[in-house]
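Engineer: quick one, what's the 3D model for this:
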Amino acid sequence: SLSMPRAIENSEKILIRDTWPTLLNRLFNCRSNIYNFPKRARDSFTFSSDLINEAVKFIEPQFIILQVGIVDCSPRLFSNNEKRIIFCRLMPKSIQKHLISYKKKISHTKNYNRYKVKVGEKDFSFNIESFINKIKTINKDIKIIIIPIIGDLERLEESRRGYIKNIKNYNKILAIKSENTVYLSDIFYEMNSNWFYKDGYHLSKFGHVKIAKIIYNYLNV
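Structural biologist: As a prediction, this is how the structure comes out:
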């Protein structure tokens, strides 16, 4: 959802015209068509064949830009299976509240390190490689540009230990050495806190501008 507009109460409003795909199009003086296929709370399991068909078969692009957010690697209080049980409609609300409160309480203890992730590293690696291979099966000449997972690392780590470690580990997976695949590591090393909302991971207007410029500089060489 990082490339999408956003309106959060008491926060900066991001309109379509403020998002980096729109800004990138303007930098090219609208000489190129840029198609955006975002989805809120998307994880790497949702890179479906239908999505690839729409983005590759029906457009025939020269480049595909893949931006991965923190949904896969965020440290979470409950595993996927635990969430299915706790948040099923048969579970009494009082028990749900108790379990959530208990988990939050123990998670603030000094040595707590039992956070879960939505998508494990092995599955994440398989999903990314599968996505790339499906694209290359359709058209091996398309260049795939991968944007690293980014965020205000200090703020995220303060909210929950494990963010920095997870983001760095998952970015190592994204830095795939493959023909016609480029990993824009500059974005990770140039980012700072003013690129992001107060939540530490959604982009501010400034963050959208910076990403658009970095991608433009790469494509305009």
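
Engineer: which residues touch the residue most central in space within the chain?
Structural biologist: The centroid of the chain falls nearest to Gly69 when counting by Cα atoms, centre = their mean (1.0 Å). Gly69 is in contact with Ser1, Leu2, Arg42, Ile149, Tyr201, counting by Cβ atoms under 8 Å, 6 or more residues apart in numbering. C-beta here means a position set from N, CA and C on the backbone, and glycine is covered the same way.

Engineer: for it, helix, strand, or coil?
Structural biologist: Three-state call for Gly69 (DSSP: H, G, I helix; E, B strand; the rest coil): coil.

Engineer: now the spatially closest residue to Ser125 that is not a sequence neighbour: how far from Lys122?
Structural biologist: In this structure, Ser125 finds its nearest non-sequential neighbour in Ile173, 4.8 Å apart by Cβ to Cβ, 6 or more residues apart in numbering. Between Ile173 and Lys122 the computed distance is 9 Å (Cβ to Cβ, to the nearest Å).

Engineer: so these two - more neighbours on which side?
Structural biologist: The residue with more neighbours, out of Ile173 and Lys122, is Ile173; 20 against 9, by other Cβ atoms under 10 Å.

Engineer: on the three-state scheme, the more buried one is what?
Structural biologist: Here Ile173 is recorded as helix under three-state DSSP.

Engineer: so the residue nearest to Ser125 makes contact with Val119?
Structural biologist: No. Ile173 is not in contact with Val119 according to Cβ atoms under 8 Å; the separation is 10.7 Å.

Engineer: now do the strands in the chain.
Structural biologist: 63-67, 143-147, 181-183 (DSSP state E).

Engineer: tilt between the first one and strand 143-147?
Structural biologist: Just to be clear, that refers to strand 63-67. Using axes from the mean of the first three to the mean of the last three Cα atoms, to 10 degrees, the direction of strand 63-67 lies 20 degrees away from that of strand 143-147.

Engineer: run through who's touching strand 63-67.
Structural biologist: 2-3, 55-56, 131, 135, 142-147, 215, 219.

Engineer: where are the low-confidence patches of the chain?
Structural biologist: Applying pLDDT under 70 to the chain flags the ranges 78-79, 83, 99-100, 102-114, 221.

Engineer: what about the longest helix in this structure?
Structural biologist: Using DSSP state H to define each element, the chain has its longest helix at helix 121-138.

Engineer: by contact count, what packs against that one?
Structural biologist: Counting contacts by 3 or more Cβ pairs under 8 Å, 6 or more residues apart in numbering; DSSP states H and E, helix 121-138 is packed against helix 49-52, helix 163-174.

Engineer: buried residues in the last one, which are they?
Structural biologist: By neighbour count, and taking 16 or more other Cβ atoms under 10 Å as the criterion, the buried residues in helix 163-174 are Tyr163, Asn166, Ile167, Tyr170, Asn171, Ile173, Leu174.
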